[in-house]
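Colleague: Would you be able to build a 3D model of this:
(chains A and B)
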2 protein chains.
Amino acid sequence: MYRTHTCGDLRIEDVNKQVTLSGWVQRIRNLGGMTFVDLRDRYGITQLVFNMETNEPLCGQARELGREYVLQVTGVVAERSNKNSKIATGDIELLVEKLVVLNVSDLPPFTIEDDTDGGEELRMKYRYLDLRRRTVRDNLMLRHKMAMEVRKYMDEQGFIEVETPVLIKSTPEGARDFVVPSRMNDGQFYALPQSPQVYKQLLMVAGFDKYFQIVKCFRDEDLRADRQPEFSQIDCEMSFVEQEDILRTFEGMTKHLFRTIKGVELKEDFLRLPYADAMKYYGSDKPDLRFGMKFVELNDVVKGKGFKVFDDAAYVGGICAENCAEYTRKELDQLTDFVKRPQIGATGLVYVRYNADGTLKSSIDKFFDELQLKTMAECFGAKPGDLILILAGPQKKTLSALCELRLEMGSRLGLRNKEVFAPLWVVDFPLLEWDDDSQRFYAMHHPFTSPKKEDFELIKTNPGAVRANAYDLVINGVEIGGGSIRIHNDELQQKMFEILGFTHEEAEHQFGFLMNAFKYGAPPHGGVAFGFDRWVSLFTGSDSIRDVIAFPKNNAGRDMMIDTPSEISVAQLAELGIQVVKK
Amino acid sequence: MYRTHTCGDLRIEDVNKQVTLSGWVQRIRNLGGMTFVDLRDRYGITQLVFNMETNEPLCGQARELGREYVLQVTGVVAERSNKNSKIATGDIELLVEKLVVLNVSDLPPFTIEDDTDGGEELRMKYRYLDLRRRTVRDNLMLRHKMAMEVRKYMDEQGFIEVETPVLIKSTPEGARDFVVPSRMNDGQFYALPQSPQVYKQLLMVAGFDKYFQIVKCFRDEDLRADRQPEFSQIDCEMSFVEQEDILRTFEGMTKHLFRTIKGVELKEDFLRLPYADAMKYYGSDKPDLRFGMKFVELNDVVKGKGFKVFDDAAYVGGICAENCAEYTRKELDQLTDFVKRPQIGATGLVYVRYNADGTLKSSIDKFFDELQLKTMAECFGAKPGDLILILAGPQKKTLSALCELRLEMGSRLGLRNKEVFAPLWVVDFPLLEWDDDSQRFYAMHHPFTSPKKEDFELIKTNPGAVRANAYDLVINGVEIGGGSIRIHNDELQQKMFEILGFTHEEAEHQFGFLMNAFKYGAPPHGGVAFGFDRWVSLFTGSDSIRDVIAFPKNNAGRDMMIDTPSEISVAQLAELGIQVVKK
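Modeller: Below is the predicted model of the structure:
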């Protein structure tokens, strides 16, 4: 037996007990004739005490220990004179009688503390040491707990978790596939799944009724902070349901997770915001609703007053920042610089101060008198003390820039607290997106998404206006998940392929087996998939999904710790029937 | 709302309720003026009734339905005059008032019944229809429930489920890797994990203390009935433990699964059978202990009596089949043919009948008189009425043949009931196996397995005799899982690599990052991995793991349903920097 207790177990009630602990040396301090060692394991830290006077050899041995040595110690629990209320074991310490060094340690390349001195690259190379830090471990423990609660909720709702294959078939549509050469089938390849989409629909055809899976998915894309070549989804599908059934079920799951993981009780029904409104009022299909600052369009109010910037713009609109009328010149310049950044792309920023004394002052006083400014202010419902910020330009670009400005103001005003959560459903997504380059429609969600019944007639006349039975769960400006009601009717599916510009042969080649399955009694069905890593990041307040993945890869898709990808042997290549060529 | 109830919900208490159901047409029968339709979903079957007299158009419509059509029906629940006690809804039927055909179906290529007329190939091609069969679906529902219970137990024991990467590094040792070309790293490849072995050990170095994961693993091997290119493991690792801690923890898990999934209470502690005894008494490291028939070695008793077959054999031994003395000549010939099969390879079978009247009769009466036969019988503890079966030959081959004979006799005597379970731990495996071809030792488990302390001294003098802290869980002759206590000491690990014939450079190249991690305070640790598919097969009584996998591959590694692996485009190959070559 290596231990009787963990390093997080002992309390004042345990005083005088003889116990054995095992763990890592976090810290060693010598104070006069005493030596104190903080012994750490997953469960906590316990202070060990060695006394030079009562046991010189043992205390001498303790003084030889290094950071991260692995110890087994036996001793008697004693009350601490100098209690530490910050840790659960802070009332006691262990008077060590026996010390076994289970393993030594080289000096770690960075400090294993909540705030470490290690840079990201070093921490990734020594990820096993980085994982010893409480903050990283806590993230992964929350991740585990969250997966448990997802499964618990889904099981209680009658969902069955079914493992779908990892070695599947490559399809040219969508993101880039990772592929796996098949040794047994010359010149052929498997692909790793970008999602189990097809399989979950087949499970509905198979009558599984309610399916879910927490599952690894793969995309061979260039990486960013919130992307990894492999990531995890909570993937779900249900039969004999309409959109309402799905939203209700997964709103339930979301509330369950908030309650059990974050201790947050979300009593209200989630807002359901049509896509068109999300774009109109927030310039984004994933608005951060922790704060207001809805966009107000001013086209009718401001045009024709001789201000060319407004007159030439397809869209003029703005937001009202409460109690910001006293922003300094410098602050306004900062905001102007912000919106003019290339990635945001506005040409300038117009402001209107609604001063506390009721007067109005703007950067466009030349063109608008106070009465006109007042009219504008009224459009925003502004009060004295508020600041109105206005952008003008092409519709899409300006809405998008205004979205960024709104988020920036939200951050500046402290309205984006990580422990406040504003979930909503964005609904009524367009079915199709027009692509100017290829002069064709693309499915906004995927080619199996069903159009809304009330828009059926538009399919022929105005496909771009057709709304889909598609929905996203958005929390704090992050798209946590999305899904749709699928097409289960063969005829409608053929029509969709036509609109998407597939020939019959192409559709058959790519989706033939699914089309074939649909001939044998496909039920009405729909589903949703949630980005598990992203959701965990949201709950842990992490900036990157890397912080919630045990062994993530860097931006070049490399695992720095085990140094992969790497070359493989000539024999391996030969057996697989492939060779490496210069690109 | 597509339904108010499922097809498995309605009971006698629901009579007179108006309800709506959705599901598939299982069967249609016309009886006089009535039409009966069995409507099926995941939850059960409900009988629908249509009446030609009361509603001719509706009944006429029902008569046009085909098998596997998808329906939505509304009607009133009525008590059945002709109750069906075999199904949960057998007391009631639904008098249909409204019928909506949600989807039509082509005639399925095989019957969707418990006993289908479809051959395996056809069922694999139309797996989504095969999955509609209750037997297959029940397997997957049990699988889901079992995964839930594994996670519940492990979570309660303080284990954290951590997802380890799927894109890892190829290592030449072990089975063949599947590899994935990296687009972003020219000429380099990821490998898919054969197990998360290295990662779980790194998680122990990281102080995670108790890890588990239900995880997909991959091996590019030629396939057999109980192998798939991708399979699932229950993978576990613990720190600060000895073998005893691991066996106790996972015996607990095993009992929990038997209790919750099979309703079987295993009260006794599992037998712990040393490897040496398993080989001696059962000729196998995974003995089926549902029945006795232990081997008895007869070398001392039978040699030197002039029977050349025995005299020349390194091993003479047999089993005693109770109450089989009256086996016919034909039965004995069958058994002789059985042991002479090439894959078993015995040269002949000797029998001794211990007749009910106390006389003894054998196939070697020429060499052994009745007294000598009696002595043999006593070695087996045989009684009048028993049959003794003896094999002779080279030690290893004969033990193995005797093992097959024992299993065959167990099957013939009905002693291998699928609903009886005999779990045991096989312990004290040898650390190393000698390979005659390459004239070197191989790690029997893997190179990180620790030797038993009491055998440390043998490492230098007689490595083949060193026993490992390694163990297998065996149930009914199936190896369900196995593991070991790992080496956590750098010096001992180096020694192991030496014995295995690795140069320092080779060890460094293959396991360098693990060795490096071990320099920073690796705790004592050990673990185990269970074959999840195999375990589910055992619980469902399936002959192949294919029966418990939603979308399995065939023996050529092909998924017949989606037709993969398949060729990929020239553009994809070019982007990955590889090309296909003739083998």
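Colleague: Can you give me the domain assignment for chain A?
Modeller: What automatic domain parsing lists as the domains of chain A is A:12-103, A:136-273+A:422-570, A:291-412.
Colleague: By mean pLDDT, show me the worst of these.
Modeller: For these, mean pLDDT drops lowest on domain A:136-273+A:422-570, to a mean of 93.
Colleague: Run the chain-centre distance for it.
Modeller: On the basis of CA atoms, centre = their mean, to the nearest Å, domain A:136-273+A:422-570 is displaced by 14 Å from the centre of the chain it belongs to.
Colleague: And stretch A:392-405, by the same measure?
Modeller: Distance, stretch centre to chain centre, for stretch A:392-405: 24 Å (CA atoms, centre = their mean).
Colleague: which residues touch it?
Modeller: Identification of contacts with stretch A:392-405 by CB atoms under 8 Å, 6 or more residues apart in numbering or on different chains yields A:279-280, A:282-284, A:287, A:295, A:309-310, A:313-319, A:335, A:338-339, A:344-347, A:349-350, A:389, A:391. For every residue, glycine as well, the C-beta is placed using N, CA and C.
Colleague: Could you dump the domains of chain A into TSV and include mean neighbour count and distance to B:M141?
Modeller: Converted to TSV, the domains of chain A look like this (neighbours: other CB atoms under 10 Å in any protein chain shown; distance: least, CB to CB, whole Å):
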stretch	mean neighbour count	distance to B:M141
domain A:12-103	17	35
domain A:136-273+A:422-570	19	6
domain A:291-412	17	46
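Colleague: what would the ones you listed look like in JSON lines with distance to B:Q47?
Modeller: Shown next, in JSON lines, are these (distance: least, CB to CB, whole Å):
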{"stretch": "domain A:12-103", "distance to B:Q47": "56"}
{"stretch": "domain A:136-273+A:422-570", "distance to B:Q47": "18"}
{"stretch": "domain A:291-412", "distance to B:Q47": "56"}
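Colleague: Nearest to B:L576, out of the ones you listed?
Modeller: Among the domains of chain A, domain A:136-273+A:422-570 comes nearest to B:L576, with 7.0 Å by CB to CB.
Colleague: Report whether stretch A:32-44 contacts chain B.
Modeller: Yes. Stretch A:32-44 reaches chain B (CB under 8 Å from any CB of the partner chain) through A:40-43.
Colleague: Write down the beta-bridge partners of the residue lying closest to A:E68 once chain neighbours are set aside, one by one.
Modeller: Sequence neighbours aside, A:S105 is the residue nearest to A:E68 in space, at 3.8 Å (criterion: CB to CB, 6 or more residues apart in numbering or on different chains). With DSSP bridges as the criterion, A:S105 is bridged to B:Y520.
Colleague: same deal with A:N30?
Modeller: Beta-bridge partners recorded for A:N30 (DSSP bridges): A:T35.
Colleague: top helix in chain A by residue count?
Modeller: Taking DSSP state H as the criterion, chain A has its longest helix at helix A:134-156.
Colleague: Just give me the closest of the residues of stretch A:32-44 next to chain B to B:S22.
Modeller: Using CB to CB, A:R42 comes nearest to B:S22 of the residues of stretch A:32-44 next to chain B, at 48.4 Å.
Colleague: shouldn't the closest one be in contact with A:T6?
Modeller: Yes. The pair A:R42 and A:T6 passes the contact test of CB atoms under 8 Å, sitting 7.4 Å apart.
Colleague: Please enumerate residues in contact with the helix or strand hosting A:V76?
Modeller: Assigning secondary structure by DSSP states H and E places A:V76 in strand A:70-79. The contact list for strand A:70-79, computed with CB under 8 Å, 6+ apart, reads A:2-3, A:10, A:12, A:14-25, A:37, A:39, A:48-49, A:65, A:91-105, B:240, B:521-523.
Colleague: I'd like to know which of the residues of stretch A:32-44 next to chain B is nearest to B:V528.
Modeller: Taking CB to CB as the measure, B:V528 sits nearest to A:R42 out of the residues of stretch A:32-44 next to chain B, at 19.4 Å.
Colleague: returning to that earlier point: count of residues packed around the residue nearest to A:E68?
Modeller: 20 (other CB atoms under 10 Å in any protein chain shown).
Colleague: okay, it: pLDDT?
Modeller: Confidence at A:S105, expressed as pLDDT, is 97.
Colleague: separation between A:S85 and chain B?
Modeller: Distance of A:S85 to chain B, computed by CB to the nearest CB, to the nearest Å: 24 Å.
Colleague: quick check, that residue in a strand?
Modeller: No. Secondary structure of A:S85 (DSSP: H, G, I helix; E, B strand; the rest coil): coil, not part of a strand.
Colleague: Which neighbours do A:R42 and A:T6 have in common?
Modeller: What both A:R42 and A:T6 touch, as defined by CB under 8 Å, 6+ apart, is the set B:D209.
Colleague: Tell me the secondary structure at A:A550.
Modeller: Applying three-state DSSP: A:A550 is coil.
Colleague: before we move on, what about A:D277?
Modeller: helix.
Colleague: and it, what does it touch?
Modeller: Applying CB under 8 Å, 6+ apart, we find A:D277 in contact with no residue.
Colleague: ok, 10 Å please
Modeller: Contacts for A:D277 (CB atoms under 10 Å, 6 or more residues apart in numbering or on different chains) come out as A:287, A:294, A:426-428.
Colleague: got the contact list for whatever residue of the stretch 251-400 of chain A ends up closest to chain B?
Modeller: At 12.8 Å from chain B, A:T260 is the closest residue in the stretch 251-400 of chain A, using CB to the nearest CB. When the contact criterion is CB under 10 Å, 6+ apart, the partners of A:T260 are A:145-146, A:148-150, A:152-153.
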